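Asks: One predicted model, sequence on top.
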Amino acid sequence: MEALRVALRIALLVLVVALALAGRWLWVATAVGAGYAAKVTCSLVFNSGQQAEDALARYVLPEVAPLGPALDVRLREDAVEARVLGVGRARAIHRPGLGCTLVPDASEARLALPEGLVEPRPGRDRATAWPRGDAGPRPPVPRALSAAIDRAFREPDPATGAVRNTTAVVIVHAGRLVAERYAPGYGPATPMLSWSMAKSVTAALVGLAVAEGRLALGEPAPVPEWQASDDPRRAITLDQLLRMSSGLAFDETYGPTNDVSVMLFTRPDTGAFAAGFPLAAPPDTRWSYSSGTSNLVARLLRDAFQGDLTALVRWSRERLFDPAGLATAFLEPDASGSFIGSSFAFMTARDWARFGELHRRDGEWFGRRVLPEGWVRYVTAPTPAAPEGRYGAHWWLNAGEPGQPGRRPWPALPADLYAARGHSGQYVIVVPSAKLVVVRLGLSLGDEGQHGVVELTADVIRHYGGQGASPS
């Protein structure tokens, strides 16, 4: 009898723990779901000009499934509010020139628009050819390119469960805008969501900060939480953070309660959240892709300007966006005033193409050096710990293993290709050997292999006389 009582007590304890864990999971999942719905809907509506109902139906609700039926999203004059089961609640506000920011508490006073900050204004001559102006490609678009774009917009086999939802394709060859197409509701003037392409924008800003002496690549990153004498993280360098080889533990697996989702959609200071993770491996011994790392880097940028968001925004425009012709570009900040450098940059598809072209031109723009000399070479140099030579410094690569260039992520494409890539099918692909920049943007759902970007890039290279792969 005593043994039975002990067994029942153990069973009851296990049940209580299981219920507590389930409750905790549900609490976090609903908070993330509400935060995602408020933030992403706000960005798509106020930044990209989409109808809230369409953004929810085509993208947001499928992304937060199965919470969709319990989700209540309401559009306000300059905000979006979301609730899940009456438990998870979130509010994102829009500020001109800054985009959307999740409100961490009931007070929005500290998130007032910084004085003197205005929205980016393109103001480019539509009669002047891209990239100096904003005239579109000269008709007719070559038949082969038109067919390639047709395929990029075509939905894959429904049996795959993937939805392509291509919103924009822009093709640039030898510095000329040669073809583009947009989905209904989008166009050349529509700022488009980056997701993780923002990491490459963050890298460009870091390059400028390094050139000005605000940050140092090879020195320990000045992260306040790591400064104790016995903290092994204090040795992590900015270079290791940019190369995703810091050794920090961070769960980049996408789901309702994982690290990246909690960071992006529930935390007011994304960089501080990322700074709290311990080491999982010694620095430079393991490559591990991490959005937390990117937000740590973005917080270092914020701190280099003493937390002055207005100064940081103006500097980013004066040193990068304006000189490179990226007239529509901006990064959305978190509530602490730090750019969410992992995930939330916006610019038009044509400006994304300009960003790629700036790198193809080695950081020069019509006779003016914008990025520091050698910076493009640095960010596109393979990180030793990254398999298949797939990653540089906040840019994806196709370099291949040392001595085995055929073992690379996209074997059908040239080994000198590098790309800014983001969730749901965002790509800025640069192929120096083909003098090519390909931009593919979308609100894709499902398998990355269904985005069609490899086929699109290969089609364009073939059209311009390439072989689809550089010599191994």
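Replies: Right, received. Where do you want to start? The model shown is predicted, which means the values in this text are computed figures rather than measured ones.

Asks: which residues does residue 278 contact?
Replies: Applying CB atoms under 8 Å, 6 or more residues apart in numbering, we find residue 278 in contact with 233, 248, 249. Where you see a C-beta, it was placed from the backbone N, CA and C, and this is true even at glycine.

Asks: oh, I was asking about residue 181
Replies: When contacts are counted by CB under 8 Å, 6+ apart, residue 181 is found next to 149, 153, 168, 169.

Asks: which stretches of the stretch 51-200 of the chain form helices?
Replies: 52-55, 61-63, 143-153, 198-211 (DSSP state H, counting those that start in this stretch).

Asks: Now do the spatially closest residue to residue 431 that is not a sequence neighbour: how many residues are near it, please.
Replies: Nearest residue to residue 431, sequence neighbours excluded (CB to CB, 6 or more residues apart in numbering): residue 417, at 4.9 Å. For residue 417, the count of nearby residues is 26 (other CB atoms under 10 Å).

Asks: Quick check, residue 417 in contact with residue 398.
Replies: Yes. Under the criterion of CB atoms under 8 Å, residue 417 makes contact with residue 398 at 4.2 Å.

Asks: Show me the common contact partners of those two, please.
Replies: residue 410.

Asks: So residue 36 lies in a helix, does it not?
Replies: Yes. When DSSP: H, G, I helix; E, B strand; the rest coil is applied, residue 36 is found to be in a helix.

Asks: shift numbering so it begins at 29
Replies: That works, and once the first residue is 29, the last one we named lands at residue 64.

Asks: what residues are up against it?
Replies: By CB under 8 Å, 6+ apart, the contact set of residue 64 is 88, 91, 92, 289, 292, 293.

Asks: For this protein, which residue occupies the most central location?
Replies: The C-alpha lying nearest the average C-alpha coordinate of the chain belongs to residue 224 (CA atoms, centre = their mean; 1.8 Å).

Asks: what about it, distance to residue 331?
Replies: Noted for residue 224: a distance of 22 Å to residue 331, by CB to CB, to the nearest Å.

Asks: Same check on residue 341?
Replies: Noted for residue 341: a distance of 15 Å to residue 331, by CB to CB.

Asks: next one: residue 209
Replies: Distance from residue 209 to residue 331, by CB to CB: 42 Å.

Asks: can you check residue 375 too?
Replies: In terms of CB to CB, residue 375 sits 25 Å off from residue 331.

Asks: Same drill for these two, tell me which one is more crowded.
Replies: The neighbour count for residue 375 versus residue 331, taken as other CB under 10 Å, is higher for residue 375 (27 against 17).

Asks: That one reaches residue 354, doesn't it?
Replies: Yes. At 5.8 Å, residue 375 counts as touching residue 354 under the criterion of CB under 8 Å.

Asks: Check the contact lists of those two and give me the overlap.
Replies: residue 383.

Asks: So what does residue 297 have for phi and psi?
Replies: phi -130, psi 100 (degrees, to the nearest 10).

Asks: Give the burial count for it, as a bare number.
Replies: 18.

Asks: again, but for the one 4 residues further on
Replies: Counted by other CB under 10 Å, the residues lying close to residue 301 total 22.

Asks: Quick check, it in contact with residue 295.
Replies: Yes. At 4.5 Å, residue 301 and residue 295 qualify as touching, with contact defined as CB under 8 Å.

Asks: what about the helices in the stretch 379-500 of the chain?
Replies: Applying DSSP H, counting those that start in this stretch to the stretch 379-500 of the chain gives helices spanning 403-407, 481-491.

Asks: From the contact counts, what lies against the last one?
Replies: Translated: helix 481-491. Other helices and strands packing on helix 481-491, by 3 or more CB pairs under 8 Å, 6 or more residues apart in numbering; DSSP states H and E, are helix 171-181, strand 194-201, strand 454-459, strand 464-470.

Asks: How far does that helix sit from its chain's centre?
Replies: Offset of helix 481-491 from its chain centre (CA atoms, centre = their mean, to the nearest Å): 23 Å.

Asks: now swap in the shortest one and tell me
Replies: The offset between the C-alpha centroid of helix 403-407 and the centroid of the whole chain comes to 19 Å, using CA atoms, centre = their mean.

Asks: list the buried ones in that helix?
Replies: 403, 404, 406, 407 (16 or more other CB atoms under 10 Å).

Asks: quick check, nearest of those residues to residue 112?
Replies: residue 407 (39.0 Å; CB to CB).

Asks: give me every residue that touches the closest one.
Replies: Residue 407 sits in contact with 228, 231, 235, 270, 420, 421, 422, 423, where contact means CB under 8 Å, 6+ apart.

Asks: Can you lay out the residues you listed as a markdown table showing distance to residue 414 and pLDDT?
Replies: Output for these, formatted as a markdown table (distance: CB to CB, whole Å; pLDDT from 0 to 100):
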| residue | distance to residue 414 | pLDDT |
| --- | --- | --- |
| 228 | 15 | 98 |
| 231 | 15 | 98 |
| 235 | 19 | 98 |
| 270 | 12 | 98 |
| 420 | 8 | 98 |
| 421 | 10 | 98 |
| 422 | 12 | 98 |
| 423 | 11 | 98 |
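
Asks: Tabulate these in CSV, adding columns for distance to residue 246 and neighbour count.
Replies: Shown next, in CSV, are the contacts of residue 407 (distance: CB to CB, whole Å; neighbours: other CB atoms under 10 Å):
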residue, distance to residue 246, neighbour count
228, 21, 28
231, 16, 23
235, 14, 26
270, 11, 27
420, 16, 24
421, 12, 26
422, 16, 27
423, 19, 24
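
Asks: Including distance to residue 68, could the residues you listed go into a markdown table?
Replies: Below are these laid out as a markdown table (distance: CB to CB, whole Å):
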| residue | distance to residue 68 |
| --- | --- |
| 228 | 20 |
| 231 | 23 |
| 235 | 29 |
| 270 | 26 |
| 420 | 28 |
| 421 | 27 |
| 422 | 22 |
| 423 | 24 |
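
Asks: and which of these is nearest residue 454?
Replies: residue 228 (10.5 Å).

Asks: and the gap between that closest one and residue 87?
Replies: Distance, residue 228 to residue 87, by CB to CB: 22 Å.

Asks: Where does the prediction get shaky in this structure?
Replies: Low-confidence segments of the chain, defined by pLDDT under 70: 29-55, 133-135, 137-138, 141-144, 151, 494-500.

Asks: Now do the contacts for the closest residue to residue 245 other than its chain neighbours.
Replies: Nearest-residue entry for residue 245: residue 267, 4.6 Å, with adjacent residues in sequence omitted and distances by CB to CB, 6+ apart. Neighbour list for residue 267: 245, 246, 421 [criterion: CB under 8 Å, 6+ apart].

Asks: And for residue 187, the neighbour number?
Replies: By other CB under 10 Å, 6 other residues sit near residue 187.

Asks: mind listing the helices for the stretch 229-378 of the chain?
Replies: Under DSSP H, counting those that start in this stretch, the stretch 229-378 of the chain gives helices at 266-270, 287-294, 298-303, 319-332, 337-344, 377-388.

Asks: Give me the distance from the fifth one to the chain's centre.
Replies: With CA atoms, centre = their mean as the basis, helix 337-344 stands 20 Å off its chain's centre.
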